[in-house]
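*Asks:* sequence and predicted structure, then a few things I'm wondering about:
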Amino acid sequence: MRLATRLSASLLPIALGLTSRDASACGAAYPGGPVMCDYPRRAGAPTNERPVARVSSSYAFTSTTLLFDEGRADLTRHAAFGAIEIPLAKKGTTSLIVGAGGVAGGELTHGLARDAVGPGFSAFVGIAKRIYDGEGALPFVQLTGTFSTTHMLTRTSGVRTDGSLAPIETPRYTAFDFRFGAIAGKTFGDVFTPYAVGRFFGGPILWKLDGNNVVGTDMYKVQLGGGLSLALFDRRVDLFVEGIGLGERGVAAGLGTTFF
């Protein structure tokens, strides 16, 4: 009996460490950002303590298909971003995220032509709100909304869709994107947060296809995937990785730090 009591006392801290805690979540709102991160204040924190602000950097690769009146194009893109997240409420459940970044490279393939993408610039503003903390075995739920704009150069390969040669040109590519999403997950040991994510989006794309000014949009209006975030060093540093397998596909990874 005494041995069982000692074992229970020694295992209790471990068990408590592995149980779920308050919601913590990071996710990338494609195309490329912002990183949506929501870390509630630690239990026992002073009531006059300011909510946590956060700065982050992230990388994202996206692969999708674009539809234009004159045809379709497959797009891949590499981008890097920096952002700052500012809490809008004392409880830290709602945050404003603003940031910008650059398009490093990629390809636009249409017919026999394969255009190089970049360099380019992107800016975004977003809001994230945790609507349910995830008590007991239930997951937390966080809603996100983002508006982003991207402007980049494309360099044609010099081959038209019919196979004939065309002069090399550098048409500008401009896209506007409204994106809404939901993240559901669970934090374990105050460190590990696996989550599932779903998003729907839309917006116009302005480009020049085969010498003609065109307006297009993304073929895929949804994203379904998941990710994992880690909160380290008393939750002042966080890492995340996310993969999207359905709809607009992609992978993203990022690093953030919080401060008071």
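*Replies:* Arrived safely. The structure presented is a predicted model; accordingly, all values stated were derived computationally and were not measured.

*Asks:* wait, R179 sits on A128?
*Replies:* No. Between R179 and A128 there is no contact under CB atoms under 8 Å: 11.9 Å. Bear in mind the C-beta positions are built from the backbone N, C-alpha and C, glycine included.

*Asks:* hey, what's in contact with both of the two?
*Replies:* 144-145 (CB atoms under 8 Å, 6 or more residues apart in numbering).

*Asks:* quick one: which of these two has more around it?
*Replies:* Neighbour count, other CB atoms under 10 Å: between R179 and A128, A128 has more, with 26 against 21.

*Asks:* surely the more buried one and L88 touch.
*Replies:* No. If you go by CB under 8 Å, A128 and L88 don't touch, sitting 9.7 Å apart.

*Asks:* now for the two: what residues contact both?
*Replies:* Between them, A128 and L88 share these contacting residues under CB under 8 Å, 6+ apart: 94-95.

*Asks:* show me what counts as buried in the biggest strand by length in the chain.
*Replies:* Using DSSP state E to define each element, the chain has its longest strand at strand 113-132. Under the neighbour-count criterion of 16 or more other CB atoms under 10 Å, strand 113-132 has 113, 115, 117-118, 120, 122, 124, 126-130 buried.

*Asks:* now stretch 197-206
*Replies:* Residues of stretch 197-206 classed as buried by neighbour count (16+ other CB under 10 Å): 197-199, 201, 205.

*Asks:* let me know the closest of the residues you listed to V215.
*Replies:* In terms of CB to CB, no member of the buried residues of stretch 197-206 lies closer to V215 than I205, at 6.9 Å.

*Asks:* many thanks, have a good one.
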